[in-house]
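A.B. asks: just to be clear, the model below is a prediction. Sequence and coordinates:
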Amino acid sequence: MRRRYLAAIPLGVLAVLLLVPGIASADSATLDLAINGKLPESVGLDSLWVVVAGSLVMFMQAGFAFLEIGFSRAKNAGTVVAKILTNFSIAAVGWWVCGFAFAFGGPLGSFIGHDGGFFFTHMGAYASTSSGVTSFHPNFPVMALSDATIESKWFFQFVFCAVSLAIVWGTTLERIKFGAYIIYAIVFSTLIYPIGAHWVFGGGFLQVGDWLGLGVTGMQDFAGSTAVHLIGATGALAALLLLGPRKGKFGPDGKPRAIPGHSMPLFGLGVLILWLGWFGFNPGSTLNAIDGRFPEILLITNLAAAAGVLAAVATAHAKTKAIDIGMAGNGAIAALVAITAPSGYVEIWAAPIIGAVAGVIVVLVVYAIEKLIDDPVGALSAHGLAGIWGTLSCGIFTSPRLAQYNGFGDPNGGLWYSGHFTQLVAQILGFAIAFSFVFVMSYSTFWLIKKTIGLRVTEAEEDAGLDISEHGMYGYPEQFIPQPEYPGGPAPAPAPGAPATATAMTAHPQSSR
């Protein structure tokens with residue numbers, strides 16, 4: 001009964017939203033300019049690029065699905081599909097309601113964006129009319145240098161929010177209640193992610209710098225090593241501390257035992273899809289096709305990922321004398337996470353260094369964390385520690401020319417160029433503050449869930465698998481439904497002396513054709 005009430009929550013919220021009056025068209029000014037022949041070509045080009053890049057980032061949801069399904073046991077494969085679709089949809093509504101306004105609304109240097117308008121009702125602090133054409137002045141100042149329409153920017157930033165939310169759940173495979181997804185997703189997409197992202201790369205106080213008059217330079221995070229990946233991994237850590245390990249993960253002696261996923265091919269496919277999606281993630285964060293910067297960022301992203309795979313494979317082999325399939329994939333993901341923050345700030349030569357270090361980190365940290373916490377996909381390492389390393393790498397490798405071009409942080413660049421720790425200190429303070437905020441908010445949310453509806457399924461439900469216990473169906477029904485009961489399956493064994501051909505014809509009626 002409790003699950004029925006919980007399932008009704010999103011429908012009730014949606015009904016309330018549909019009753020909200022006065023939801024205006026957000027970008028009528030762009031249409032007016034086009035009709036009057038005064039819309040710059042850069043608007044169309046930038047908007048096209050941002051939508052294409054955002055679509056690549058959205059495709060990463062398929063990558064997460066394959067990766068998590070591959071790392072799950074077969075009895076828990078189907079629930080991943082329902083989780084991905086539900087969380088993506090909740091994030092979309094939450095981002096429309098207030099998430100986008102909180103994350104990217106002005107003013108610059110604020111604690112929370114509040115000039116953008118809830119429900120996407122308006123997009124400018126004020127409007128001016130010239131020659132019969134009304135132009136809205138943007139309320140989203142950190143993105144004002146791009147001519148892409150505000151709708152395309154909304155979509156691009158929304159899929160970032162959805163990626164960060166997806167990172168949380170891979171760590172909780174095979175034992176969390178589905179209702180916990182729903183509640184946390186609402187809080188995450190409307191408060192936790194928007195506020196944290198605003199601070200780091202949405203024009204908030206960490207990005208602008210000199211907060212509280214302390215003279216700290218602005219934090220640099222081009223595409224979200226902290227703002228997306230570390231935030232997601234921090235939420236995951238909070239969940240794991242309250243959720244506990246899967247049954248059987250730790251033996252009587254306290255040592256971790258392997259619980260193999262059911263499909264490494266699906267895992268590998270997921271990694272390749274995520275790699276492809278990152279070509280929207282990092283290059284798309286230019287929000288701009290006109291300045292020609294995105295191909296360079298794509299190259300930087302790819303070099304880092306390749307170096308991460310090679311370093312992870314070599315490190316795992318040095319420890320285990322085997323080529324670990326999972327570590328090869330996690331090496332790519334960790335390197336991609338690490339290069340996300342510096343991708344728009346570093347020169348090409350630095351990319352393989354950043355990626356290779358991430359590849360080493362992810363292997364060593366996965367082995368270390370496994371002794372204490374059950375993280376089936378290695379997200380705490382690949383998105384958490386690698387995200388911290390990527391954030392810090394800006395403080396070391398940021399190029400002066402790119403710091404000045406982007407307009408955030410120390411114009412003299414990172415430690416390698418400037419010889420001082422100004423940018424590195426800003427990076428350390430930035431990720432520490434963001435981590436602390438997200439952890440407190442997430443832990444509090446999951447604690448309340450645990451004390452009310454409960455966070456974890458029962459032991460019997462975990463044994464049966466979440467597919468059947470949470471959804472009433474199997475992801476792979478032929479593996480779990482007894483064959484005589486499965487439509488089209490083989491008939492029961494023939495009685496002694498019965499002709500074998502009769503049984504074959506009964507079980508496979510098409511065989512006579």
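C.D. replies: Arrived safely, thanks for sending. Just so it is clear, the structure is predicted and the values come from calculations on it, not from any experiment. Residues are numbered from 1 along each chain as shown.
A.B. asks: ok, and the closest non-adjacent residue to Ala53?
C.D. replies: For Ala53, ignoring the flanking residues on the chain, the nearest one in space by C-beta to C-beta, 6 or more residues apart in numbering is Gly284 at 2.5 Å. In this view, the C-beta of every residue, glycine as well, is placed from N, C-alpha and C.
A.B. asks: contacts only, for Met176.
C.D. replies: Heads up, residue 176 is Ile, not Met. With contact taken as C-beta atoms under 8 Å, 6 or more residues apart in numbering, Ile176 is in contact with 169, 239, 243, 455-457.
A.B. asks: strands of the stretch 51-200 of the chain, start to end?
C.D. replies: For the stretch 51-200 of the chain, the strands defined by DSSP state E, counting those that start in this stretch occupy 124-130, 133-138.
A.B. asks: model confidence over the shortest one, on average?
C.D. replies: Per-residue confidence for strand 133-138 averages out to 56 on the pLDDT scale.
A.B. asks: what's in contact with stretch 369-377?
C.D. replies: Contacts for stretch 369-377 (C-beta under 8 Å, 6+ apart): 67-68, 71-72, 170-171, 173-174, 236-237, 240-241, 244-246, 249-250, 255-256, 259, 261, 366, 378, 380-381.
A.B. asks: endpoint to endpoint, that stretch covers what distance?
C.D. replies: One end of stretch 369-377 to the other measures 12 Å (C-alpha to C-alpha, to the nearest Å).
A.B. asks: check contacts around the spatially most central residue of the chain.
C.D. replies: Computing the C-alpha centroid of the chain and ranking residues by C-alpha atoms, centre = their mean puts Val163 first, at 2.2 Å. The neighbourhood of Val163, defined by C-beta under 8 Å, 6+ apart, consists of 57, 60-61, 64, 228, 232, 281.
A.B. asks: who wins on neighbours among the contacts of Ile176?
C.D. replies: Highest neighbour count within these, by other C-beta atoms under 10 Å: Trp169, with 25 neighbours.
A.B. asks: surely it meets Ala91?
C.D. replies: No: assessed by C-beta atoms under 8 Å, Trp169 is found out of contact with Ala91, at 11.9 Å.
A.B. asks: which residue sits closest to Gly355, ignoring its sequence neighbours?
C.D. replies: In space, and not counting its chain neighbours, Gly355 is closest to Ala304: 3.2 Å by C-beta to C-beta, 6+ apart.
A.B. asks: what about that neighbour, neighbour count?
C.D. replies: If we define neighbours as other C-beta under 10 Å, then Ala304 has 34 of them.
A.B. asks: tell me which helix or strand it sits in.
C.D. replies: Per DSSP states H and E: Ala304 is located in helix 294-320.
A.B. asks: same question for Leu242.
C.D. replies: Per DSSP H and E, Leu242 falls inside helix 231-243.
A.B. asks: what's next to that helix, contact-wise?
C.D. replies: 163-172, 175-176, 180, 184, 188, 192-193, 196-197, 373-375, 379-380, 383-384, 387, 434-435, 438-439, 442-443, 445-447, 450, 455-456.
A.B. asks: helix or strand right after that helix?
C.D. replies: helix 264-281.
A.B. asks: one step back: any chance of the contacts of Ile176 in a markdown table, plus pLDDT and distance to Val313?
C.D. replies: Listed next are the contacts of Ile176 as a markdown table, based on pLDDT from 0 to 100; distance: C-beta to C-beta, whole Å:
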| residue | pLDDT | distance to Val313 |
| --- | --- | --- |
| Trp169 | 92 | 27 |
| Ala239 | 97 | 30 |
| Leu243 | 95 | 31 |
| Leu455 | 96 | 36 |
| Arg456 | 96 | 35 |
| Val457 | 95 | 36 |
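A.B. asks: relative to Phe222, which of the residues you listed is nearest.
C.D. replies: Using C-beta to C-beta, Trp169 comes nearest to Phe222 of those, at 25.3 Å.
A.B. asks: just give me the neighbour total for Gly213.
C.D. replies: 6.
A.B. asks: now do Met473
C.D. replies: 13.
A.B. asks: who touches it in this structure?
C.D. replies: By C-beta under 8 Å, 6+ apart, the contact list for Met473 reads 78, 467.
A.B. asks: what about it, distance to Ala74?
C.D. replies: Using C-beta to C-beta, to the nearest Å, one obtains 13 Å as the distance from Met473 to Ala74.
A.B. asks: cool, and Phe431?
C.D. replies: Taking C-beta to C-beta, one finds Phe431 at 38 Å from Ala74.
A.B. asks: same question, Ile353
C.D. replies: Applying C-beta to C-beta, the value for Ile353 to Ala74 is 40 Å.
A.B. asks: give me phi/psi at Glu347?
C.D. replies: Here is the backbone geometry of Glu347 (degrees, to the nearest 10): phi -80, psi 160.
A.B. asks: that one and Trp416: what is the separation?
C.D. replies: According to C-beta to C-beta, Glu347 and Trp416 sit 10 Å apart.
A.B. asks: which residues do these two both contact?
C.D. replies: Joint contacts of Glu347 and Trp416 (C-beta under 8 Å, 6+ apart) are Phe397.
A.B. asks: what's the neighbour count on Gly292?
C.D. replies: Residues lying near Gly292 (other C-beta under 10 Å) number 9.
A.B. asks: the residue nearest to Val208 when sequence neighbours are not counted: neighbouring residues, count only.
C.D. replies: Using C-beta to C-beta, 6+ apart and skipping residues adjacent in sequence, the residue nearest Val208 is Gly109, 4.0 Å away. Counted by other C-beta under 10 Å, the residues lying close to Gly109 total 16.
A.B. asks: so who does Gly109 touch?
C.D. replies: Taking C-beta under 8 Å, 6+ apart, one finds 203-205, 208, 211 in contact with Gly109.
A.B. asks: now stretch 407-414: buried residues?
C.D. replies: Buried positions in stretch 407-414, judged by neighbour count with 16 or more other C-beta atoms under 10 Å: 408-414.
A.B. asks: what is the rounded mean pLDDT of it?
C.D. replies: 96.
A.B. asks: quick one: residues contacting Gly224.
C.D. replies: Gly224 sits in contact with 160, 164, 197, 200-201, 281, 285, 340-341, where contact means C-beta under 8 Å, 6+ apart.
A.B. asks: between these, which sits nearest Val80?
C.D. replies: Nearest to Val80, judged by C-beta to C-beta, of these is Ser164 at 17.4 Å.
A.B. asks: could you find the closest non-adjacent residue to that closest one?
C.D. replies: Spatial nearest neighbour of Ser164, excluding adjacent residues (C-beta to C-beta, 6+ apart): Gly232 at 4.1 Å.
A.B. asks: how close does that neighbour get to Ala379?
C.D. replies: Distance, Gly232 to Ala379, using C-beta to C-beta: 8 Å.
A.B. asks: overlap in contacts of these two?
C.D. replies: Ile167.
A.B. asks: how many neighbours does Arg401 have?
C.D. replies: Neighbour tally, Arg401, other C-beta under 10 Å: 13.
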